[in-house]
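K.L.:
3D, please:
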Amino acid sequence: MIKKNYTYNNGPSYLKIPTDMFDNKYFSNWLGTFEAKVWFRIFRHAVRGEMFNLNKKIYDNYYGKGKVCAYQSLKDISMFLGMRSISPISDAIRSMIEKNIIIPHKDAWNRRSITIYEVATHDGGPSRHENLHLLIYFTKLKAQKELEKMFFISGHFGNTELATSEIPKPLIIE
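P.N.:
A predicted model of the protein is given here:
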């Protein structure tokens, strides 16, 4: 049997990370985590071109609507990472969903329920610019932490989180 090589017109895809993200200590620290390994495995399978089978469905149903998505079973990810249990994979995915680093979409394939993971959005233009949810999360996290440093004196306000509508008024001394 001759194996057909499926490619698409756009050539290979690349992970585009602005270099200033490496100055973001929260992002840089995250890169060495187990959660990052799981994210990279999911991202590796993001569908950006017409293919066949499930990937064709992902392309038709998600990519055409501006979403960059992938499917990888927990078992496939755990096998790739050399693990016997899928529990740590599930925990990492749950954590990324809570942070909006990935967005789950329930779908069906071969009469079973599956979860498609959205890792980015794209503009649909010729440059195929993608906005990774991962980069958005870490950019916002860094900004929030910097605002907290600016507006809170260590221990003065306890563990309260800064809400954008609750920026403290300047202290006026008479």
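
K.L.:
can you give me the helices in this protein?
P.N.:
Using DSSP state H, the helices assigned to the chain run over residues 25-30, 34-44, 53-61, 74-80, 87-98, 133-151.

K.L.:
highest average neighbour count across those helices?
P.N.:
Mean neighbour count, computed with mean count of other C-beta atoms under 10 Å, is highest for helix 34-44 among the helices of the chain, reaching a mean of 18. C-beta coordinates here come from the backbone N, C-alpha and C atoms, glycine included.

K.L.:
elements contacting it?
P.N.:
strand 67-70, helix 74-80, helix 87-98, strand 112-122 (3 or more C-beta pairs under 8 Å, 6 or more residues apart in numbering; DSSP states H and E).

K.L.:
Which one, of the ones you listed, ends up nearest to residue 32?
P.N.:
For residue 32, the closest of the helices and strands packed on helix 34-44 is helix 87-98, at 13.5 Å, according to C-beta to C-beta.

K.L.:
Residues touching that closest one, excluding its own?
P.N.:
34-35, 38-39, 74, 77-78, 81, 83, 102-104, 117 (C-beta atoms under 8 Å, 6 or more residues apart in numbering).

K.L.:
How far does stretch 66-78 sit from its chain's centre?
P.N.:
Here the centre of stretch 66-78 is set off from its chain's centre by 11 Å, with C-alpha atoms, centre = their mean, to the nearest Å.

K.L.:
ok, of the helices of the chain, where does mean pLDDT dip lowest?
P.N.:
Across those, helix 53-61 has the smallest mean pLDDT, namely a mean of 82.

K.L.:
before we move on, the earlier item: select, out of the helices of the chain, the one closest to residue 17.
P.N.:
Per C-beta to C-beta, nearest to residue 17 of the helices of the chain: helix 133-151, 6.9 Å.

K.L.:
for residue 63, what are its contacts?
P.N.:
Contacts of residue 63 by C-beta under 8 Å, 6+ apart are 47-48, 69, 122.

K.L.:
Try it again at 10 Å.
P.N.:
Going by C-beta atoms under 10 Å, 6 or more residues apart in numbering, residue 63 touches 46-50, 55, 69, 122, 124.

K.L.:
Now the two most distant members of those.
P.N.:
Greatest spatial distance among the contacts of residue 63 (C-beta to C-beta): 55 and 124, at 18.4 Å.

K.L.:
could you dump the helices of the chain to CSV with distance to residue 108?
P.N.:
Putting the helices of the chain into CSV (distance: least, C-beta to C-beta, whole Å) gives the following:
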stretch, distance to residue 108
helix 25-30, 32
helix 34-44, 19
helix 53-61, 10
helix 74-80, 17
helix 87-98, 19
helix 133-151, 24
